[in-house]
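Peer 1: Predicted coordinates and the sequence they were generated for:
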Amino acid sequence: MTPSKKGESALGKGLDALIRKEKPDEPVESKKKSMTRKVSNKDLSKEKLKAKKVRKNQEDPNKIIIEDVVLEVRKNPRISLWSAKSAAVLRFLKNTKPAFSISKEASELIEEAVQQKYPEIWEMFKDEDF
């Protein structure tokens, strides 16, 4: 190893190798150049979409919640519930009616009940394709 490169080598320096050497201060103009970056058309379109989304969400405060719920339900449309009597009735029907589906029946019953109890919220999701 040549003496000029010896100062740059990290071998045998321990912690000194991990600590950066400070560079002399750059002129102000070169700092400005490094701080400014070119904005591509792709970046501009992303920023426009974000601004448009913010405006839409400001118009309807529930819009963000609705969008998040729709995405979540598309990934996992299942719900869990506990009802011993309902489970007993549905299992009885499964054992006594041919081709009876507990899931299908439970879905229909819950949808009817939710639609009746929360009609305004039901309307928000009426046109969604789940």
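Peer 2: Nice, I can see it.
Peer 1: now the helices: where do they sit in this structure?
Peer 2: In the chain, the helices defined using DSSP state H lie at 3-6, 15-18, 28-35, 41-59, 63-75, 84-96, 102-117, 119-124.
Peer 1: Any idea how many residues pack against residue 115?
Peer 2: Using other CB atoms under 10 Å, the number of residues around residue 115 comes to 13. Using the backbone N, CA and C atoms, a C-beta is placed for each residue, glycine as well.
Peer 1: can you check the one 4 residues further on too?
Peer 2: As a burial measure, the neighbour count of residue 119 was computed by other CB under 10 Å and equals 9.
Peer 1: before we move on, what about the one 4 residues further on?
Peer 2: Using other CB under 10 Å, residue 123 is surrounded by 10 other residues.
Peer 1: any idea how far it is from residue 62?
Peer 2: 12 Å (CB to CB, to the nearest Å).
Peer 1: Equivalent analysis for residue 89, please.
Peer 2: Using CB to CB, one gets 35 Å for the distance from residue 89 to residue 62.
Peer 1: Please state the mean pLDDT value computed over stretch 68-76.
Peer 2: Per-residue pLDDT values across stretch 68-76 average out to 95.
Peer 1: And that stretch, what's buried?
Peer 2: By neighbour count, with 16 or more other CB atoms under 10 Å as the criterion, stretch 68-76 contains no buried position.
Peer 1: Can you give the contact residues for it?
Peer 2: 125, 128, 130 (CB atoms under 8 Å, 6 or more residues apart in numbering).
Peer 1: Could you pull up the residues touching the first one?
Peer 2: Residue 125 makes contact with 66, 69, 70 under the criterion CB under 8 Å, 6+ apart.
Peer 1: now the contacts of stretch 68-76 in a markdown table, with pLDDT?
Peer 2: What follows is those, written out as a markdown table (pLDDT from 0 to 100):
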| residue | pLDDT |
| --- | --- |
| 125 | 94 |
| 128 | 90 |
| 130 | 82 |
